[in-house]
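**Q** Take this sequence and fold it.
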Amino acid sequence: MFGFENIANNNGWAIAAVGASIVFLGLVALSLVISQIHRLLNLWEDREKVFSRFKQQPTAVKSQISVELDYGDQRLPSVQQLIEAYQPLIEKLQEPFKLSQVFEIANKNDMPHPHLSIQRLQEADVLVAKGDGTFTWNEYK
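**A** Next up is the predicted model:
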């Protein structure tokens, strides 16, 4: 049995297509290798340099000293500038007041970083806690 009928009955067309694809892919791979042969030759010429990279012992990692950043100096105005900005707002409140009231007023007036600003005013003893959850305004010295 010879002929096209025998080829069709025994999956000959599929086998021929797979064979042609394998040959084509092989030629593509060969062309890629040939196009990059100059890099392979350069690598072969400098093989001692490449191998020395792999033979080097890893250097010990130096311990880094952790430095705490002072957020206030980089992102916020000075305490005096914060006092000038917040004092007119706090004068509207009756003393003693809650920090939530200061925060609400700061948000309504679009003050930058109200949480951090209020915290900085507390650290500078401008906003002084009375002990019952309320605060008073202390003049900055």
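
**Q** Could you give me the buried positions within the biggest helix by length in the chain?
**A** If you go by DSSP state H, the chain has its longest helix at helix 12-35. For helix 12-35, burial by neighbour count (16 or more other CB atoms under 10 Å) applies to no residue. (Each C-beta comes from the backbone N, C-alpha and C, glycine too.)

**Q** Following element in sequence after that helix, please.
**A** Using DSSP states H and E, the next helix or strand after helix 12-35 towards the C-terminus is helix 37-45.

**Q** Can you name the residues in contact with that next one?
**A** By CB atoms under 8 Å, 6 or more residues apart in numbering, the surrounding residues in contact with helix 37-45 are residue 50.

**Q** Do me a favour and average the pLDDT over it.
**A** Summarised as a single mean, pLDDT over helix 37-45 is 90.

**Q** contacting residues around residue 16?
**A** residue 7.

**Q** From residue 5, how far out is it?
**A** In this view, residue 16 and residue 5 are 15 Å apart by CB to CB, to the nearest Å.

**Q** cool, residue 131 as well?
**A** Following CB to CB, the distance that separates residue 131 from residue 5 is 103 Å.

**Q** which is the next helix or strand following the helix or strand bottoming out on mean pLDDT in the chain?
**A** Counting by mean pLDDT, DSSP states H and E, the chain has its least confident helix or strand at helix 71-75, which shows a mean of 51. Heading C-terminal from helix 71-75, the first helix or strand you meet, by DSSP H and E, is helix 79-90.

**Q** what about that following helix, distance to the chain center?
**A** 34 Å (CA atoms, centre = their mean, to the nearest Å).

**Q** Please apply the same query to stretch 108-119.
**A** For stretch 108-119, the separation from the chain centroid amounts to 26 Å (computed by CA atoms, centre = their mean).
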